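S.K.: give me coordinates for this.
(one chain, ligands or ions: 2)
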Amino acid sequence: MSSFEDVFGTTPEGSWRAPGRVNLIGEHTDYNDGLVLPIALPNRILVTASKRDDGRIRVASTGHRGVIEFAIDELTPGSVGDWAAYPAGAAWILRESGYAIGGANLLVDSDLPSGAGLSSSAALLCATSVALLGLRDIEVDPGEVARLAQRAENNYVGAPVGLMDQMASMCCTAGHALYFDIRAMSTEQIPFDPAADDLALLVVDVKAPHRHVDGEYAARRKSCEQAAAELGVPALRSIAFEELDAALDRLPDDVVRRRVRHVVTEIRRVEDAVALMHAGRLRDVGPLFTASHASLRDDFEITVPELDVAVDSALAAGALGARMTGGGFGGCIIALTEANAADPVLAAIEKAFAEHGFNAPSALAATPSAGASRADQGARSGRSRGRSD
Ligand code: ADP
Ligand code: MG
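M.R.: Ligands and ions are numbered 1, 2, ... in the order given. Here you go, the predicted structure:
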């Protein structure tokens, strides 16, 4: 692996990290004005940086070949393609928002799987943004950086993502899940520290082959919007759990009814999970994970055999609860287990995958971690404050 000096011929002035995330519960509720509950992972994208005075950005990634260079002033949506669209998008939105970020050399390093649903895209946008701001000692509220990163992903990269991933990467704190109410645009830190309770949260990438994710996502979104229109509400969040049966009676289409039932019951499960976490009853959260998975499988129909087999084998091996997490059709599952059951649960999933002829899964331990921060604190005095890593 080349060092910063080898790539750019100069010494770095600092490094900044932004983590990936998993959503504990609250799936496909974000575009329904609902509730989500992500944690930040220990796995992160790290951007090491130095200033340039020529208004240009030169960026390299340890995961990709070559150095890509562009002038910040010349950026227009989509003007830089491939993976460098993310750092270019971060520079573009900061310029559009009036931040004087000058130019920079940026080296991207990552221990976060890419394309696995753990939001390496948001982590890359957030890490680049905090690096570009940090280099110039510009302080911006983490929630505002998250909104800027979302706009970059929407308008520069062209991916119609919600705000959860960027909020998790920027605003999570260690030992907590981030309770994010999309309708109210409010957040709350919820105590969630499995290790302190002799528990473990396993994240397993099921390595499912790519399927038609974008089209299916658009179809689910359309069903939810159609249902909200038929019910005369701005979004399905407005349908209270207690009103669900009456609402379902008013919807003629069975598929739409099941989509609505998922969203409304899932929002209730997020509220229940938060109440249990506040009460310190983490083990009781497990069955909510399992109920969420059943709802995503049967009502929302976004699981694939790899996700179902992973969840079923985790439960059969003693997990307290398990569910797919992320957009669906692949990606990861999470399983809540007793600390000493994590290895046997993973072994059971690996065995089942081998028997089914699936790709070998890979796992990481999901310790709820802190959001983006400077990563080399103490290396340089200055005003940029970061949370500790
Ligand atoms: P996810 O966000 O679930 O990981 P996405 O498809 O949204 O998946 O984002 C993955 C993309 O992010 C990659 O295709 C690549 O363009 C970019 N990316 C992720 N990690 C890196 C990295 N270490 N270096 C360069 N680009 C990366
Ligand atoms: Mg992404």
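S.K.: please make it C-alpha for all contacts and neighbour counts, starting now.
M.R.: Will do.
S.K.: just confirm residue 320 contacts residue 335, I think it does.
M.R.: Yes - because the distance of 7.4 Å satisfies Cα atoms under 8 Å, residue 320 is recorded as touching residue 335.
S.K.: contacts for stretch 263-271?
M.R.: Among residues not part of stretch 263-271, those counted as contacts by Cα atoms under 8 Å, 6 or more residues apart in numbering are 25-29, 32, 34-37, 236-237, 239-241, 244, 288, 292, 295.
S.K.: and residue 320 and residue 335? Which one has more around it.
M.R.: Taking other Cα atoms under 10 Å, residue 320 and residue 335 do not tie; residue 335 has more neighbours (29 against 23).
S.K.: can you pull the contacts of the residue nearest to that one when sequence neighbours are not counted?
M.R.: For residue 335, the nearest residue in space outside its immediate sequence neighbours is residue 322; the separation is 4.2 Å by Cα to Cα, 6 or more residues apart in numbering. Neighbour list for residue 322: 286-287, 289-290, 293, 311, 314-315, 333-336 [criterion: Cα under 8 Å, 6+ apart].
S.K.: partner strands of the helix or strand containing residue 202, parallel or antiparallel?
M.R.: When secondary structure is defined by DSSP states H and E, residue 202 falls within strand 199-205. Taking DSSP bridges as the criterion, strand 199-205 sits next to strand 332-338 (antiparallel), strand 362-365 (antiparallel) in its sheet.
S.K.: would you single out the least confident of these?
M.R.: The minimum mean pLDDT among the strands paired with strand 199-205 belongs to strand 362-365 (a mean of 93).
S.K.: by contact count, what packs against the following helix or strand past it?
M.R.: Towards the C-terminus, the helix or strand next in line after strand 362-365, according to DSSP H and E, is strand 373-374. Counting contacts by 3 or more Cα pairs under 8 Å, 6 or more residues apart in numbering; DSSP states H and E, the secondary-structure elements packed against strand 373-374 are strand 14-23, helix 120-135.
S.K.: rewinding a little: export the strands paired with strand 199-205 as TSV, with columns for distance to ligand 2.
M.R.: Below are those laid out as TSV (distance: least, Cα to the ion, whole Å):
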stretch	distance to ligand 2
strand 332-338	13
strand 362-365	18
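S.K.: what sits against residue 44?
M.R.: Residues near residue 44 by Cα under 8 Å, 6+ apart: 17-20, 110-112, 120, 123.
S.K.: state the distance from residue 376 to residue 71.
M.R.: 27 Å (Cα to Cα, to the nearest Å).
S.K.: cool, residue 93 as well?
M.R.: Counting by Cα to Cα, the gap between residue 93 and residue 71 amounts to 14 Å.
S.K.: hang on, the earlier thing: ChimeraX command for the buried members of the contacts of stretch 263-271?
M.R.: Buried residues within these, by 16 or more other Cα atoms under 10 Å, are selected in ChimeraX with:
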select :25,26,27,28,29,32,34,35,36,37,236,237,239,241,288,292,295
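S.K.: around ligand 2, pick out the residues from the protein.
M.R.: Neighbours of ligand 2 within the chain, by Cα under 5 Å from the ion: 119, 121.
S.K.: the longest helix anywhere in the chain: what's the following helix or strand?
M.R.: With DSSP state H setting the assignment, residue counts place helix 254-278 as the longest helix in the chain. Using DSSP H and E, the helix or strand that directly follows helix 254-278 along the chain is helix 286-298.
S.K.: just the mean pLDDT for the next helix-or-strand element following that following helix, thanks.
M.R.: Moving toward the C-terminus from helix 286-298, the next helix or strand (DSSP H and E) is helix 305-316. Here helix 305-316 scores 98 as its mean pLDDT.
S.K.: cool, stretch 175-185 as well?
M.R.: The average pLDDT for stretch 175-185 rounds to 98.
S.K.: got the end-to-end distance for that stretch?
M.R.: One end of stretch 175-185 sits 22 Å from the other (Cα to Cα).
S.K.: same question for stretch 230-243.
M.R.: End-to-end distance of stretch 230-243: 15 Å, with Cα to Cα as the criterion.
S.K.: quick one: distance of it to the chain centre.
M.R.: Here the centre of mass of C-alpha atoms in stretch 230-243, compared against the chain's by Cα atoms, centre = their mean, to the nearest Å, lies 26 Å away.
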